[in-house]
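# Test case, fold it:
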Amino acid sequence: MLLLVSSGNPPQLQARAKLDPSFEAIDQNGRRVTERTFQGKPSAWFFGFTHCPDVCPTTLQQLTTSLDQLGEDAKKLTVVFVTVDPERDTPAILKEYMESFHPSIVALSPSAKDLNAIVKGFAAYYAKVPQTEGYTMEHSSLVILRAADGTFAGTIDQHEQAETARAKLQRLGRG
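Just a heads-up that it's a prediction; the model follows:
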């Protein structure tokens, strides 16, 4: 059961909320994955898109640095990048994009229906924003931490010190 609190702003997760959306997606290697793929192991979830000019590449690079610094402890958790722009971010595009980041990060390209399920299940946010030429995407910038039992375990904010973010990932991996 996911517990959400909302006061007109994007929903906020409460401690011990269950993060268990049902979904299917294709990862950057063309493999079909579902929510079951990520069960039983702690994970860190980040929502973004490959055309993002700053937040996404910066956050993914920070996660990469943290995973590198964790060494063997990095194997105890899964980092998942979910595109909020599956219209442009095909698995092939994600594969190329993810070559710049830690090789263990899993990038997902879900259908629009499955994207909505994942976003709702993690109390995240995204919106397509029309521009003069094309569009861009607004999205949550937090990394959402999920314990091995599927419950909410915290967040990492893009403005946190690298040491703090790394410590949170290390604690998450150690359970």
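# Show me the helices in this structure, by range?
Assigned helices in the chain, in chain order: 55-70, 91-98, 112-121, 162-174 (criterion: DSSP state H).
# Residue 136: which of those helices is closest?
Among the helices of the chain, the nearest to residue 136 by Cβ to Cβ is helix 55-70 (11.5 Å). Any C-beta I mention is one placed from the backbone N, CA and C, and that applies to glycine too.
# Pull out the buried positions in that closest one.
For helix 55-70, the neighbour count (16 or more other Cβ atoms under 10 Å) marks 56, 59-60, 62-64, 66-67, 70 as buried.
# got it, and stretch 119-139?
119, 121-126, 137, 139.
# low-scoring pLDDT stretches of the chain, where are they?
The model of the chain has pLDDT under 70 over residues 1-16.
# most remote residue from the protein's center?
For the chain, the largest distance from the centre (Cα atoms, centre = their mean) belongs to residue 132, which lies 28.6 Å off.
# for the buried residues of stretch 119-139, which one is nearest residue 36?
Nearest member of those to residue 36, counting by Cβ to Cβ, is residue 121, at 13.6 Å.
# who's in contact with that closest one?
Counting by Cβ atoms under 8 Å, 6 or more residues apart in numbering, residue 121 makes contact with 2, 19-23.
# Ok, residue 157 next?
Contacts for residue 157 were tallied using Cβ under 8 Å, 6+ apart; they are 141-142.
# quick one: it from residue 34, how far?
Distance, residue 157 to residue 34, using Cβ to Cβ, to the nearest Å: 29 Å.
# Would you map the strands across the chain?
Shown for the chain, the strands assigned by DSSP state E span residues 4-5, 12-13, 24-27, 32-34, 43-48, 78-83, 106-110, 126-130, 135-139, 143-146, 152-156.
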